[in-house]
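J.: Sequence isn't available, so here's the structure alone:
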DNA sequence: AGTTTTGGATAGTGGAACTCTCCAGTCAAG
DNA sequence: CTTGACTGGAGAGTTCCACTATCCAAAACT
């Protein structure tokens, strides 16, 4: 398969494929001459994965790189792979300003969760709760409890669905599931809101 | 309050405040002379809101503009305000390529939801499901059902919590709740995954 | 009187994700 | 064997976005 076919099959412009090759997001093809290289199905799959992470998962290319590294790495620990996916997903730089973590801490300890207080997700939770309080719309405890319960149910299922036999497949499952299920969950919540709003006549 | 105080109180640089004024994200202060204007608490609150939508809600400035317009508008319909928030949130341009909507349709009709098939959230759901299938990790029906149930539970609570007496407050509640609760939900899911992963020894 | 600060306007910056342009080597068709 | 389309690789250029920086004349404090 030459680069033009890769482009045709994936819908990604040749120039962009070359860019991804340069950036190391796509491994080089098998060089068969000074101006020729062969690509195969694995390249096509990788290319589709990159596009899915970018378009659907809303990851920046730096995050895509991390996720791909986690998948390619013969990581011994699933827990570590999960951490990589989480780090790639959580907003990297934004307002961790006044984040003393008190609001998030209250939620997490009320839920009885054993989590790393230094993880980006913890910071994100705290930043969001602080922002809501600052803008005059603090999350009420009942709502929050509902969110916690929903998150628990989802996470239990997520982890239960991980294949236990093949480590590589498990890592891929965890990483992609974490990243690509987020848009599914958000879209479902909004559609459910639409439905409830329409049927209750609000 | 002068612009420098607004800057100090909010932590936003003066240059950025001027930029927001130019962009119409912040209403102009009360001019008290050729080179003087007064700002008040409402400006400070608006500024904090803009930063929350940008930093926490991950909205682009164009989306912030739409959300602010919805809040300021004496909208008669809550349903319409919800639509505005959804439109600002859903990925605007990405892969609606092969999106024939079949996968999303199956989910929505199985759930018995009454939703607009042309809404961005529907397209986002379909795009995400297609991407997962394309990358070899189709969402299994059981997982999907769990996500649907969780989304339902959350949405019911979201809508139930809307104040029924004051329309303006209701609109603000719906719009900000939709936008700013998304990061909360995502962070909670990841923290729950951490907890489950840690406690089940995976 | 002199130093700061302000509002307003205009232009410039930096990062991200491409996209374009070249070029010489290669291949297949005529 | 020429011709013309295509390729891999490298570098520079483009677009969009969200700011920053610079000026300037007119207040405002000191």
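T.: Sure thing, it's come through. This one's a predicted model, so the numbers in the text were calculated from it and none came from an experiment. Numbers count the residues shown, from 1 in each chain, chains lettered A, B, ... in the order given.
J.: how close does the spatially most central residue of chain A get to residue A:12?
T.: In chain A, the residue lying closest to the centroid (C-alpha atoms, centre = their mean) is residue A:179, at 2.2 Å. Separation of residue A:179 from residue A:12 (C-beta to C-beta, to the nearest Å): 19 Å. Every residue, glycine included, has its C-beta placed from N, CA and C.
J.: Show me what the top helix by length along chain A is packed against.
T.: Using DSSP state H, we find that the single longest helix of chain A is helix A:167-199. Packed against helix A:167-199, as judged by 3 or more C-beta pairs under 8 Å, 6 or more residues apart in numbering or on different chains; DSSP states H and E, are the following elements: helix A:61-72, helix A:78-89, helix A:141-160, helix B:78-89, helix B:102-111, helix B:120-134, helix B:141-160, helix B:167-199.
J.: Please point out which parts of that helix sit buried.
T.: A:170-197 (16 or more other C-beta atoms under 10 Å in any protein chain shown).
J.: Now residue A:1: closest residue in space, sequence neighbours ignored.
T.: In this structure, residue A:1 finds its nearest non-sequential neighbour in residue A:39, 4.5 Å apart by C-beta to C-beta, 6 or more residues apart in numbering or on different chains.
J.: what about the one you found, how many residues close to it?
T.: 22 (other C-beta atoms under 10 Å in any protein chain shown).
J.: ok, now which ones touch it?
T.: Counting by C-beta atoms under 8 Å, 6 or more residues apart in numbering or on different chains, residue A:39 touches A:1, A:2, A:3, A:5, A:6, A:29, A:30.
J.: Can you lay out the residues you listed as JSON lines showing pLDDT, neighbour count and distance to DNA strand D?
T.: As requested, these are arranged in JSON lines below (pLDDT from 0 to 100; neighbours: other C-beta atoms under 10 Å in any protein chain shown; distance: C-beta to the nearest atom of the strand, whole Å):
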{"residue": "A:1", "pLDDT": "87", "neighbour count": "15", "distance to DNA strand D": "8"}
{"residue": "A:2", "pLDDT": "90", "neighbour count": "14", "distance to DNA strand D": "4"}
{"residue": "A:3", "pLDDT": "92", "neighbour count": "17", "distance to DNA strand D": "3"}
{"residue": "A:5", "pLDDT": "92", "neighbour count": "11", "distance to DNA strand D": "7"}
{"residue": "A:6", "pLDDT": "93", "neighbour count": "19", "distance to DNA strand D": "8"}
{"residue": "A:29", "pLDDT": "90", "neighbour count": "18", "distance to DNA strand D": "6"}
{"residue": "A:30", "pLDDT": "89", "neighbour count": "11", "distance to DNA strand D": "9"}
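J.: So which of these belong to helices?
T.: Those of the contacts of residue A:39 lying in helices (DSSP H): A:3, A:5, A:6.
J.: So is the helix or strand bottoming out on mean pLDDT in chain A next to DNA strand C?
T.: Least confident helix or strand of chain A, by mean pLDDT, DSSP states H and E, is helix A:78-89 with a mean of 81. No - Helix A:78-89 does not reach DNA strand C (C-beta under 7 Å from any atom of the strand); its nearest approach is 11.6 Å.
J.: what's the angle between that helix and helix A:61-72?
T.: Note on geometry: by axes from the mean of the first three to the mean of the last three C-alpha atoms, to 10 degrees, helix A:78-89 and helix A:61-72 are set 170 degrees apart in direction.
J.: Low-confidence stretches in chain A?
T.: A:76, A:92-98, A:202 (pLDDT under 70).
J.: how about a cut-off of 80?
T.: A:74-78, A:88, A:90-99, A:201-202 (pLDDT under 80).
J.: Give me every residue in it lying close to DNA strand C.
T.: Contact residues (C-beta under 7 Å from any atom of the strand) of chain A with DNA strand C: A:13, A:15-16, A:18-19, A:32-36, A:54, A:60-62.
J.: Can you list the buried residues in stretch A:5-22?
T.: Neighbour-count burial for stretch A:5-22, counted by 16+ other C-beta under 10 Å, picks out A:6, A:7, A:10, A:12, A:17, A:20, A:21.
J.: Look at the spatially closest residue to residue A:20 that is not a sequence neighbour and tell me its secondary structure.
T.: Excluding the flanking residues, the one nearest residue A:20 by C-beta to C-beta, 6+ apart is residue A:26, at 4.4 Å. The local conformation at residue A:26, judged by DSSP: H, G, I helix; E, B strand; the rest coil, is coil.
J.: Hmm, residue A:26 is touching residue A:49, no?
T.: No - in this structure, residue A:26 is not within contact of residue A:49 by C-beta atoms under 8 Å, at 9.8 Å.
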